[in-house]
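Peer 1: Task: produce atomic coordinates for the following.
(one chain, ligands or ions: 1)
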Amino acid sequence: MNVPLLDLSYQHQPIQQDIASAISRVVDSNAFILGAEVSKLEKQIADYCGVGSAIGVSSGTDALLVSLMAIGVGPGDEVITTPYTFIATVGCIARLGAKPVFVDIDPVTYNIDPEKIEEKITSKTKAILPVHLYGQCADSASILSTAKKHNLYVVEDAAQAIGAQYHDGRKAGNLGDLGCFSFFPTKNLGCFGDGGMVVTNHPELDERVRVLRVHGSKPKYYHKLIGGNFRLDSLQAAVLNVKFPCLEDWNHQRRENALRYEALFKEKCLTQAQKIQLPQAVYSSSKVPNYHTYNQFVIRVSNRDALREYLREKGIGTEVYYPIPLHFQQCFHYLGHKEGDFPEAEIAAKNTLALPIFPGLKPEQQEYVVQQIKTFFAG
Ligand SMILES: *Cc1c(COP(=O)(O)O)cnc(C)c1O
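Peer 2: Numbers count the residues shown, from 1 in each chain. Predicted structure coming up:
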């Protein structure tokens, strides 16, 4: 049996005709930059997230970059974030000349540990940049109260978390001052190339992001700010407008698949005997757990690399997110970190493994995955 890590054809086949007509409409219009498709998508995403406005941008990376630009992050500033994330989160801080200040992660959620943030705040701290990793919101109540106390901005990296909800019911993107989404094809809502979105409840930040998106231009050819070309293509927005109505169903399917894995792992006694740690949707004081949208279903195992190789031989696709924590990356050597600085991130990088979880994954395929894991540990 073959079980890829991700197969997008299940998402696209049923809506293929609608996508093709949407693309044709844009081609026939000869209008390719921003326009009605982008405005329509912005309105839908803003309503969906429960925020005041949304601004379509060129990628998740540019969503982060333009958000940090909008709050004025620059040389001399510090931005607090996690070392256990995709490079883009931290790259954007450094590209603006600011200093990334890392805080270790919580070992259960893999998100920034809110208890360890306050000790890293200095007079230079400008913002906190939590990541809602794998589709589960970071502990936002705690992060926001720390931010409020010290008068800091909160920019959410919600690239992996569209539709995720914090346990109080608020959606990812609607927790901080600015929320950043990615429509990279592997995300829960993906386009046919690169795309992203910034969401916010602050009209003045909305205005700044909109102006920065078009080279700081307002009116045309008059520039008070230096921006960039951070625009979302009409074609990508048209594809996303067809896909967006399916998002809730796809997220639901991911959650169903997660439940099925949990049942299978328990049935085969793998969680106790082999000490496999399954992903956990957490809650703090509230009774309702976070609404986890499982962009990735990430387990923890002791002999991760051997298991991964074994599963590959058995036709099962897996991935490691992320094998090298960012404080060990060569490009961040100048920050002067050493082994042991962020132990939870370092351990997670060694023993976590993402299993296939995509909508359309079949129960037989999940049974096969869990059976192969069991066989690996039995041998
Ligand atoms: C995908 C991703 C990004 C970057 O998004 P792009 O659209 O690929 O630029 C940023 N942060 C995280 C956590 C991501 O997973």
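Peer 1: CA atoms of the lengthiest helix in the chain as CSV?
Peer 2: When the chain is parsed with DSSP state H, its longest helix is helix 247-267. The C-alpha coordinates for helix 247-267 follow below in CSV (Å, rounded to 0.1, in the frame of the first residue of the first chain):
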residue,chain,number,x,y,z
LEU,A,247,-12.2,24.6,4.2
GLU,A,248,-14.5,23.8,7.2
ASP,A,249,-15.2,20.3,5.8
TRP,A,250,-11.5,19.7,5.1
ASN,A,251,-10.6,20.8,8.6
HIS,A,252,-13.3,18.6,10.0
GLN,A,253,-11.9,15.6,8.0
ARG,A,254,-8.4,16.3,9.4
ARG,A,255,-9.9,16.2,12.9
GLU,A,256,-11.7,12.9,12.2
ASN,A,257,-8.5,11.4,10.9
ALA,A,258,-6.7,12.5,14.1
LEU,A,259,-9.4,10.8,16.2
ARG,A,260,-9.1,7.7,14.1
TYR,A,261,-5.3,7.6,14.6
GLU,A,262,-5.8,8.1,18.4
ALA,A,263,-8.2,5.1,18.5
LEU,A,264,-5.9,3.0,16.3
PHE,A,265,-2.8,3.8,18.4
LYS,A,266,-4.7,3.0,21.6
GLU,A,267,-6.2,-0.2,20.2
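Peer 1: Check which helices and strands it sits against.
Peer 2: Contact partners of helix 247-267 among helices and strands, from 3 or more C-beta pairs under 8 Å, 6 or more residues apart in numbering; DSSP states H and E: strand 297-300, helix 363-378. In this view, the C-beta of every residue, glycine as well, is placed from N, C-alpha and C.
Peer 1: what angle do the longest one and helix 247-267 make?
Peer 2: Going by axes from the mean of the first three to the mean of the last three C-alpha atoms, to 10 degrees, helix 363-378 is angled at 40 degrees with respect to helix 247-267.
Peer 1: in helix 363-378, what's buried?
Peer 2: 365, 366, 367, 368, 369, 370, 372, 373, 374, 376, 377 (16 or more other C-beta atoms under 10 Å).
Peer 1: At the geometric centre of the chain, which residue do we find?
Peer 2: Centrality entry for the chain: nearest residue to the mean C-alpha point is residue 160, 2.2 Å, by C-alpha atoms, centre = their mean.
Peer 1: Would you confirm that that residue contacts residue 135?
Peer 2: Yes. Here residue 160 reaches residue 135: they are 5.5 Å apart, a contact under C-beta atoms under 8 Å.
Peer 1: Mutual contacts of those two, please.
Peer 2: Common neighbours of residue 160 and residue 135 are listed as 188, 295, 296 (criterion: C-beta atoms under 8 Å, 6 or more residues apart in numbering).
Peer 1: quick one on the thing from earlier: between the helices and strands packed on helix 247-267, which gets nearest to the ligand?
Peer 2: strand 297-300 (12.6 Å; C-beta to the nearest ligand atom).
Peer 1: Which positions in the next helix or strand after the closest one come out as buried?
Peer 2: On the C-terminal side of strand 297-300, the closest following helix or strand by DSSP states H and E is helix 304-313. By 16+ other C-beta under 10 Å, the buried positions in helix 304-313 come out as 304, 307, 308, 310, 311.
Peer 1: Measure how buried residue 206 is and give me the count.
Peer 2: Using other C-beta atoms under 10 Å, residue 206 has 21 neighbouring residues.
Peer 1: Minimum distance to the ligand, which residue of the chain gives it?
Peer 2: Here the chain gets closest to the ligand at one residue, residue 60, 2.4 Å apart by C-beta to the nearest ligand atom.
Peer 1: Pretty sure that residue sits against residue 179.
Peer 2: No. Contact criterion C-beta under 8 Å: residue 60 and residue 179 do not qualify, at 11.0 Å.
Peer 1: Name the residue in those two with the higher neighbour count.
Peer 2: residue 179 (30 against 27).
Peer 1: who does that one bridge with?
Peer 2: With DSSP bridges as the criterion, residue 179 is bridged to residue 156, residue 199.
Peer 1: how much space between the closest residue to residue 363 other than its chain neighbours and residue 76?
Peer 2: Nearest residue to residue 363, sequence neighbours excluded (C-beta to C-beta, 6 or more residues apart in numbering): residue 260, at 6.3 Å. Using C-beta to C-beta, to the nearest Å, one obtains 50 Å as the distance from residue 260 to residue 76.
Peer 1: And these two? Which one has more around it.
Peer 2: Just comparing residue 260 and residue 76: by other C-beta under 10 Å the higher neighbour count belongs to residue 260, 16 against 10.
Peer 1: okay, the more buried one: pLDDT?
Peer 2: pLDDT for residue 260: 97.
Peer 1: what does residue 273 give?
Peer 2: pLDDT for residue 273: 65.
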